[in-house]
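Asks: sequence? don't have it. structure:
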(Lines give C-alpha, C1' and ligand atoms only; values in the text may rest on other atoms or scores of the structure.)
Protein backbone atom coordinates (compact mmCIF):
# COMPACT_ATOMS: atom_id res chain seq x y z
CA UNK A 1 0.00 0.00 0.00
CA UNK A 2 1.21 3.53 -0.68
CA UNK A 3 2.39 5.73 2.16
CA UNK A 4 0.17 8.65 3.14
CA UNK A 5 0.83 12.38 3.54
CA UNK A 6 4.47 12.26 2.48
CA UNK A 7 6.23 15.67 2.34
CA UNK A 8 7.32 16.54 -1.20
CA UNK A 9 9.37 19.68 -0.52
CA UNK A 10 12.50 17.69 0.47
CA UNK A 11 12.23 15.77 -2.81
CA UNK A 12 12.13 18.87 -5.03
CA UNK A 13 14.95 21.29 -5.77
CA UNK A 14 12.84 24.35 -4.93
CA UNK A 15 12.17 22.93 -1.48
CA UNK A 16 8.61 24.23 -1.29
CA UNK A 17 5.14 22.72 -1.40
CA UNK A 18 2.88 20.44 0.58
CA UNK A 19 2.60 16.66 0.89
CA UNK A 20 1.45 13.88 -1.41
CA UNK A 21 -1.84 12.40 -0.25
CA UNK A 22 -0.45 9.03 -1.33
CA UNK A 23 3.14 8.20 -2.26
CA UNK A 24 5.04 5.19 -3.55
CA UNK A 25 8.61 4.69 -4.74
CA UNK A 26 9.02 2.16 -7.53
CA UNK A 27 12.31 0.28 -7.88
CA UNK A 28 11.23 -2.08 -10.65
CA UNK A 29 8.81 -2.04 -13.56
CA UNK A 30 6.36 -4.32 -11.77
CA UNK A 31 5.99 -1.80 -8.95
CA UNK A 32 5.25 0.90 -11.50
CA UNK A 33 2.45 -1.26 -12.93
CA UNK A 34 1.05 -1.88 -9.46
CA UNK A 35 1.07 1.81 -8.59
CA UNK A 36 -0.67 2.79 -11.81
CA UNK A 37 -3.28 0.06 -11.33
CA UNK A 38 -3.87 1.12 -7.71
CA UNK A 39 -4.37 4.78 -8.65
CA UNK A 40 -6.77 3.77 -11.39
CA UNK A 41 -8.76 1.51 -9.06
CA UNK A 42 -9.01 4.33 -6.50
CA UNK A 43 -9.93 6.84 -9.23
CA UNK A 44 -7.02 9.04 -8.20
CA UNK A 45 -4.81 11.20 -10.40
CA UNK A 46 -1.22 9.98 -10.83
CA UNK A 47 1.86 12.19 -10.76
CA UNK A 48 5.32 10.89 -11.65
CA UNK A 49 8.26 12.38 -9.76
CA UNK A 50 11.85 12.13 -10.88
CA UNK A 51 14.57 14.38 -9.51
CA UNK A 52 12.08 17.11 -8.63
CA UNK A 53 13.99 19.77 -10.56
CA UNK A 54 11.20 20.76 -12.95
CA UNK A 55 8.14 20.90 -10.73
CA UNK A 56 6.52 23.41 -8.37
CA UNK A 57 4.38 21.66 -5.77
CA UNK A 58 1.52 23.77 -4.44
CA UNK A 59 1.40 24.56 -0.73
CA UNK A 60 -1.72 22.43 -0.39
CA UNK A 61 0.13 19.44 -1.76
CA UNK A 62 -1.08 16.86 -4.26
CA UNK A 63 -4.42 15.08 -3.98
CA UNK A 64 -3.62 11.80 -5.64
CA UNK A 65 -0.78 9.31 -5.93
CA UNK A 66 2.78 10.53 -6.47
CA UNK A 67 4.94 7.82 -8.01
CA UNK A 68 8.65 8.37 -7.50
CA UNK A 69 10.75 6.62 -10.12
CA UNK A 70 13.72 4.69 -8.72
CA UNK A 71 14.08 1.98 -11.39
CA UNK A 72 17.78 1.61 -12.19
CA UNK A 73 19.85 -0.10 -14.87
CA UNK A 74 22.12 0.77 -17.80
CA UNK A 75 23.11 -1.38 -20.76
CA UNK A 76 24.92 -0.72 -24.03
CA UNK A 77 25.65 -2.36 -27.36
CA UNK A 78 28.22 -1.20 -29.89
CA UNK A 79 28.27 -2.18 -33.54
CA UNK A 80 31.11 -0.47 -35.36
CA UNK A 81 30.86 3.18 -34.44
CA UNK A 82 27.16 2.99 -33.56
CA UNK A 83 26.36 2.71 -29.86
CA UNK A 84 22.96 1.89 -28.44
CA UNK A 85 22.74 3.09 -24.84
CA UNK A 86 19.70 2.10 -22.81
CA UNK A 87 18.97 3.48 -19.33
CA UNK A 88 16.14 3.01 -16.86
CA UNK A 89 14.01 6.02 -15.98
CA UNK A 90 15.40 6.27 -12.44
CA UNK A 91 19.04 6.63 -13.47
CA UNK A 92 20.58 10.03 -12.62
CA UNK A 93 20.96 11.88 -15.91
CA UNK A 94 24.39 13.39 -15.42
CA UNK A 95 25.83 10.03 -14.36
CA UNK A 96 24.73 8.67 -17.74
CA UNK A 97 26.29 11.61 -19.59
CA UNK A 98 29.56 11.13 -17.70
CA UNK A 99 29.54 7.42 -18.59
CA UNK A 100 29.04 8.18 -22.28
CA UNK A 101 31.86 10.75 -22.30
CA UNK A 102 34.27 8.47 -20.45
CA UNK A 103 33.67 5.71 -23.00
CA UNK A 104 34.13 8.05 -25.95
CA UNK A 105 30.49 8.00 -27.09
CA UNK A 106 29.46 11.31 -28.63
CA UNK A 107 25.99 12.80 -28.56
CA UNK A 108 25.26 13.79 -24.95
CA UNK A 109 28.32 15.80 -23.90
CA UNK A 110 26.66 19.23 -24.14
CA UNK A 111 23.87 18.03 -21.86
CA UNK A 112 26.27 17.70 -18.93
CA UNK A 113 25.20 19.04 -15.54
CA UNK A 114 21.45 18.99 -16.19
CA UNK A 115 19.74 17.81 -12.99
CA UNK A 116 17.11 15.11 -12.84
CA UNK A 117 16.64 11.56 -14.00
CA UNK A 118 16.74 9.80 -17.37
CA UNK A 119 12.95 9.40 -17.49
CA UNK A 120 12.44 13.15 -17.64
CA UNK A 121 14.72 13.72 -20.63
CA UNK A 122 12.25 12.75 -23.38
CA UNK A 123 9.31 14.30 -21.51
CA UNK A 124 10.60 17.83 -21.91
CA UNK A 125 13.11 17.08 -24.65
CA UNK A 126 15.92 18.48 -22.53
CA UNK A 127 18.49 20.50 -24.38
CA UNK A 128 21.43 22.83 -23.88
CA UNK A 129 24.41 24.26 -25.73
CA UNK A 130 23.44 22.98 -29.15
CA UNK A 131 22.12 19.52 -28.29
CA UNK A 132 18.69 18.08 -27.49
CA UNK A 133 17.96 14.51 -26.42
CA UNK A 134 15.68 14.17 -29.44
CA UNK A 135 18.90 14.22 -31.51
CA UNK A 136 19.83 10.83 -30.07
CA UNK A 137 16.66 9.16 -28.70
CA UNK A 138 15.70 6.12 -30.76
CA UNK A 139 13.01 4.61 -28.51
CA UNK A 140 11.11 5.38 -25.32
CA UNK A 141 9.78 2.37 -23.45
CA UNK A 142 6.74 3.37 -21.43
CA UNK A 143 3.71 2.04 -19.62
CA UNK A 144 0.55 3.14 -21.41
CA UNK A 145 -1.81 3.97 -18.55
CA UNK A 146 -4.79 3.83 -20.90
CA UNK A 147 -4.25 0.20 -21.94
CA UNK A 148 -2.02 -1.06 -19.14
CA UNK A 149 0.47 -2.30 -21.74
CA UNK A 150 4.18 -1.55 -22.08
CA UNK A 151 4.87 0.10 -25.43
CA UNK A 152 7.94 1.30 -27.31
CA UNK A 153 7.58 4.70 -28.94
CA UNK A 154 9.80 5.70 -31.85
CA UNK A 155 10.83 9.37 -32.20
CA UNK A 156 7.91 10.38 -34.49
CA UNK A 157 5.43 9.06 -31.92
CA UNK A 158 7.16 11.08 -29.22
CA UNK A 159 6.30 14.33 -31.09
CA UNK A 160 9.43 16.09 -29.95
CA UNK A 161 9.50 19.89 -30.08
CA UNK A 162 11.30 22.67 -28.22
CA UNK A 163 11.19 21.51 -24.56
CA UNK A 164 8.11 19.50 -25.35
CA UNK A 165 6.84 16.07 -26.35
CA UNK A 166 3.73 13.89 -26.41
CA UNK A 167 4.51 13.01 -22.79
CA UNK A 168 4.39 16.62 -21.60
CA UNK A 169 1.60 18.37 -23.53
CA UNK A 170 0.50 16.01 -26.30
CA UNK A 171 -1.11 13.37 -24.09
CA UNK A 172 -0.05 14.28 -20.55
CA UNK A 173 -0.61 11.55 -18.00
CA UNK A 174 -1.03 8.77 -20.53
CA UNK A 175 2.50 7.35 -20.34
CA UNK A 176 4.93 6.55 -17.56
CA UNK A 177 8.45 6.40 -19.01
CA UNK A 178 10.25 3.22 -17.98
CA UNK A 179 13.48 3.47 -19.97
CA UNK A 180 15.05 5.42 -22.82
CA UNK A 181 17.29 4.27 -25.65
CA UNK A 182 19.88 6.60 -27.21
CA UNK A 183 21.96 6.18 -30.37
CA UNK A 184 25.47 7.59 -29.85
CA UNK A 185 28.62 7.73 -31.98
CA UNK A 186 31.58 5.74 -30.75
CA UNK A 187 34.75 7.78 -31.26
CA UNK A 188 32.70 10.62 -32.72
CA UNK A 189 33.65 14.29 -32.41
CA UNK A 190 31.96 16.52 -29.82
CA UNK A 191 29.18 18.90 -30.79
CA UNK A 192 30.38 22.50 -31.06
CA UNK A 193 27.33 24.55 -31.94
CA UNK A 194 27.24 27.14 -29.19
CA UNK A 195 29.37 30.27 -29.01
CA UNK A 196 29.73 30.21 -25.21
CA UNK A 197 31.24 26.73 -25.32
CA UNK A 198 33.60 27.64 -28.15
CA UNK A 199 34.76 30.77 -26.28
CA UNK A 200 35.33 28.82 -23.08
CA UNK A 201 37.38 26.20 -24.90
CA UNK A 202 39.41 28.91 -26.62
CA UNK A 203 40.03 30.53 -23.25
CA UNK A 204 41.44 27.21 -22.05
CA UNK A 205 43.70 27.10 -25.10
CA UNK A 206 41.97 24.04 -26.58
CA UNK A 207 41.74 24.07 -30.37
CA UNK A 208 40.77 20.42 -30.93
CA UNK A 209 38.54 19.51 -27.98
CA UNK A 210 37.69 16.00 -26.87
CA UNK A 211 34.34 14.95 -25.47
CA UNK A 212 35.80 15.37 -21.97
CA UNK A 213 36.99 18.89 -22.83
CA UNK A 214 33.51 19.91 -23.96
CA UNK A 215 31.91 18.33 -20.88
CA UNK A 216 34.31 20.22 -18.62
CA UNK A 217 33.57 23.53 -20.34
CA UNK A 218 29.81 22.98 -20.22
CA UNK A 219 29.99 22.16 -16.53
CA UNK A 220 32.10 25.26 -15.87
CA UNK A 221 29.68 27.50 -17.78
CA UNK A 222 26.67 26.01 -15.98
CA UNK A 223 28.42 26.30 -12.61
CA UNK A 224 29.11 29.98 -13.23
CA UNK A 225 25.35 30.43 -13.74
CA UNK A 226 24.44 28.31 -10.67
CA UNK A 227 22.90 25.80 -13.08
CA UNK A 228 24.71 22.86 -11.45
CA UNK A 229 23.06 21.77 -8.22
CA UNK A 230 25.73 21.97 -5.55
CA UNK A 231 25.57 22.25 -1.78
CA UNK A 232 26.62 25.66 -0.52
CA UNK A 233 25.43 27.54 -3.60
CA UNK A 234 23.00 30.26 -2.39
CA UNK A 235 21.10 29.91 -5.69
CA UNK A 236 20.67 26.16 -5.37
CA UNK A 237 16.95 26.14 -4.51
CA UNK A 238 15.57 26.67 -7.99
CA UNK A 239 14.15 24.86 -11.02
CA UNK A 240 16.99 26.07 -13.19
CA UNK A 241 15.49 28.02 -16.09
CA UNK A 242 12.00 29.00 -14.94
CA UNK A 243 10.86 30.32 -18.34
CA UNK A 244 11.15 29.04 -21.88
CA UNK A 245 12.87 31.14 -24.52
CA UNK A 246 9.95 32.41 -26.65
CA UNK A 247 9.87 31.46 -30.32
CA UNK A 248 7.96 33.96 -32.44
CA UNK A 249 6.88 34.45 -36.05
CA UNK A 250 8.51 37.25 -38.11
CA UNK A 251 5.41 39.46 -37.84
CA UNK A 252 5.49 39.12 -34.04
CA UNK A 253 9.20 39.87 -34.02
CA UNK A 254 8.63 43.18 -35.81
CA UNK A 255 6.04 44.19 -33.22
CA UNK A 256 8.31 43.17 -30.33
CA UNK A 257 11.25 45.08 -31.82
CA UNK A 258 9.15 48.25 -31.93
CA UNK A 259 8.16 47.86 -28.29
CA UNK A 260 11.62 46.97 -27.05
CA UNK A 261 13.37 49.68 -29.05
CA UNK A 262 16.77 48.03 -28.74
CA UNK A 263 18.48 46.67 -31.87
CA UNK A 264 20.83 44.64 -29.65
CA UNK A 265 17.99 42.33 -28.55
CA UNK A 266 19.36 38.77 -28.96
CA UNK A 267 17.60 36.55 -31.47
CA UNK A 268 18.31 33.26 -33.21
CA UNK A 269 16.64 32.31 -36.52
CA UNK A 270 14.99 28.88 -36.48
CA UNK A 271 14.80 26.34 -39.34
CA UNK A 272 11.05 26.91 -39.70
CA UNK A 273 11.47 30.65 -40.27
CA UNK A 274 10.52 31.70 -36.76
CA UNK A 275 12.92 33.41 -34.36
CA UNK A 276 13.95 32.43 -30.82
CA UNK A 277 14.37 35.23 -28.27
CA UNK A 278 16.24 35.28 -24.97
CA UNK A 279 13.86 35.09 -22.03
CA UNK A 280 16.67 36.16 -19.68
CA UNK A 281 17.36 39.28 -21.74
CA UNK A 282 13.65 40.16 -21.85
CA UNK A 283 13.37 39.77 -18.07
CA UNK A 284 16.29 42.11 -17.47
CA UNK A 285 15.01 44.56 -20.09
CA UNK A 286 11.69 44.63 -18.23
CA UNK A 287 13.49 45.96 -15.16
CA UNK A 288 14.41 42.90 -13.11
CA UNK A 289 17.97 42.54 -11.84
CA UNK A 290 19.90 39.41 -10.98
CA UNK A 291 19.74 38.90 -7.23
CA UNK A 292 16.59 41.04 -6.88
CA UNK A 293 14.36 39.74 -4.11
CA UNK A 294 10.79 40.15 -3.01
CA UNK A 295 10.66 38.72 0.49
CA UNK A 296 11.68 35.08 0.49
CA UNK A 297 11.95 34.64 -3.30
CA UNK A 298 13.97 36.34 -6.00
CA UNK A 299 16.13 35.98 -9.05
CA UNK A 300 19.40 34.11 -8.96
CA UNK A 301 22.43 36.31 -8.46
CA UNK A 302 23.96 34.63 -11.50
CA UNK A 303 21.14 34.20 -14.01
CA UNK A 304 17.91 36.09 -14.66
CA UNK A 305 16.08 32.93 -15.74
CA UNK A 306 16.27 31.27 -12.32
CA UNK A 307 13.78 31.98 -9.57
CA UNK A 308 15.30 31.08 -6.20
CA UNK A 309 13.42 30.13 -3.03
CA UNK A 310 15.05 31.32 0.19
CA UNK A 311 14.29 30.41 3.80
CA UNK A 312 10.62 30.81 4.58
CA UNK A 313 9.48 30.69 0.95
CA UNK A 314 6.25 29.00 0.01
CA UNK A 315 5.03 27.82 -3.37
CA UNK A 316 2.58 30.72 -3.61
CA UNK A 317 5.51 33.13 -3.24
CA UNK A 318 7.42 31.49 -6.09
CA UNK A 319 4.40 31.38 -8.40
CA UNK A 320 3.40 34.94 -7.51
CA UNK A 321 6.89 36.24 -8.28
CA UNK A 322 6.86 34.37 -11.59
CA UNK A 323 3.52 35.96 -12.44
CA UNK A 324 4.90 39.44 -11.75
CA UNK A 325 7.81 38.76 -14.09
CA UNK A 326 5.41 37.55 -16.79
CA UNK A 327 3.25 40.66 -16.44
CA UNK A 328 6.21 43.04 -16.59
CA UNK A 329 7.74 41.37 -19.65
CA UNK A 330 4.40 41.32 -21.42
CA UNK A 331 3.80 45.00 -20.70
CA UNK A 332 7.31 46.17 -21.59
CA UNK A 333 8.19 43.80 -24.42
CA UNK A 334 4.89 42.42 -25.68
CA UNK A 335 5.88 38.81 -25.00
CA UNK A 336 4.09 36.37 -22.70
CA UNK A 337 6.72 34.09 -21.15
CA UNK A 338 5.75 30.45 -20.59
CA UNK A 339 6.99 28.70 -17.42
CA UNK A 340 9.15 25.65 -17.95
CA UNK A 341 8.41 23.79 -14.67
CA UNK A 342 5.06 22.09 -14.18
CA UNK A 343 2.73 23.23 -11.38
CA UNK A 344 1.31 20.45 -9.20
CA UNK A 345 -1.81 21.27 -7.20
CA UNK A 346 -3.90 24.40 -6.88
CA UNK A 347 -2.60 27.93 -6.53
CA UNK A 348 -4.26 31.33 -7.12
CA UNK A 349 -5.66 31.40 -10.66
CA UNK A 350 -3.80 34.53 -11.70
CA UNK A 351 -0.47 32.83 -10.98
CA UNK A 352 -1.00 29.73 -13.08
CA UNK A 353 -0.83 29.09 -16.76
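Replies: Happy to help now that I have it. Fair warning: this is a prediction, and the values are worked out from it, not measured in the lab.

Asks: list of residues touching the helix or strand residue 40 falls within?
Replies: Taking DSSP states H and E as the criterion, residue 40 maps to helix 29-41. With CB atoms under 8 Å, 6 or more residues apart in numbering as the test, helix 29-41 has contacts from 2, 22, 24, 26, 45-46, 64-65, 67, 69, 71, 143, 145, 148, 150, 176, 178. (C-beta placed from N, C-alpha, C; glycine too.)

Asks: emit the PyMOL select command for whichever of the residues you listed are buried.
Replies: Applying 16 or more other CB atoms under 10 Å to the contacts of helix 29-41 leaves a buried subset, and the PyMOL line that selects it is:
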select buried, resi 2+22+24+26+46+64+65+67+69+71+143+145+176+178
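
Asks: isn't residue 110 up against residue 216?
Replies: No - the criterion here is CB atoms under 8 Å, and residue 110 misses it with residue 216 at 11.8 Å.

Asks: compare the two (neighbour count), which wins?
Replies: The neighbour count for residue 110 versus residue 216, taken as other CB atoms under 10 Å, is higher for residue 110 (27 against 19).

Asks: from residue 230, how far off is that one?
Replies: 20 Å (CB to CB, to the nearest Å).

Asks: repeat for residue 70
Replies: From residue 70 to residue 230 the distance is 23 Å (CB to CB).

Asks: look at the two and report which has more neighbours.
Replies: residue 70 (18 against 10).

Asks: quick one on the thing from earlier: buried sites along the helix holding residue 40?
Replies: 29, 31, 32, 33, 35, 36, 38, 39.

Asks: and after it, which helix or strand comes next?
Replies: Immediately after helix 29-41, counting by DSSP H and E, sits strand 46-49.

Asks: how about residues contacting that next one?
Replies: The contact list for strand 46-49 (CB under 8 Å, 6+ apart) reads 8, 11, 20, 35-36, 39-40, 55, 62, 64-69, 119, 145, 173, 176-177, 344.

Asks: can we see that at 7 Å?
Replies: Residues outside strand 46-49 that contact it (CB atoms under 7 Å, 6 or more residues apart in numbering): 11, 36, 39, 62, 64-69, 173, 176, 344.

Asks: wait, isn't residue 61 in contact with residue 345?
Replies: Yes - counting by CB atoms under 7 Å, residue 61 does reach residue 345; the two are 6.1 Å apart.

Asks: if you count what's nearby, which of those two comes out ahead?
Replies: Neighbour count, other CB under 10 Å: between residue 61 and residue 345, residue 61 has more, with 22 against 19.

Asks: identify the residue nearest that one in space, chain neighbours excluded?
Replies: Leaving aside its sequence neighbours, residue 61 sits nearest to residue 18 (CB to CB, 6 or more residues apart in numbering; 2.9 Å).

Asks: flag the shaky bits of this protein, pLDDT-wise.
Replies: Within the chain, the set of residues satisfying pLDDT under 70 comprises 346-353.

Asks: name the residues that touch stretch 302-312?
Replies: 14-16, 224-227, 235, 237-238, 240-243, 279-280, 283-284, 288, 290, 296-300, 318, 321-322.

Asks: quick one, helices of the stretch 201-350 of the chain?
Replies: All helices of the stretch 201-350 of the chain, identified by DSSP state H, counting those that start in this stretch, fall at 211-224, 250-260, 279-285, 315-333.

Asks: so which of those helices is nearest residue 161?
Replies: Nearest of those to residue 161, taken as CB to CB: helix 279-285 at 16.7 Å.

Asks: quick one: contacts of the closest one?
Replies: Residues from elsewhere that reach helix 279-285 (CB under 7 Å, 6+ apart): 243-246, 260, 262, 265-266, 303-305, 325, 329, 332-333, 335, 337.

Asks: which of these are buried? Put it as a ChimeraX command.
Replies: Here is the ChimeraX selection string for the buried members of the contacts of helix 279-285, based on 16+ other CB under 10 Å:
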select :243,244,245,246,260,265,303,304,305,325,329,333,335,337
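
Asks: just the ones of the contacts of helix 279-285 in strands?
Replies: Using DSSP state E, no member of the contacts of helix 279-285 falls in strands.
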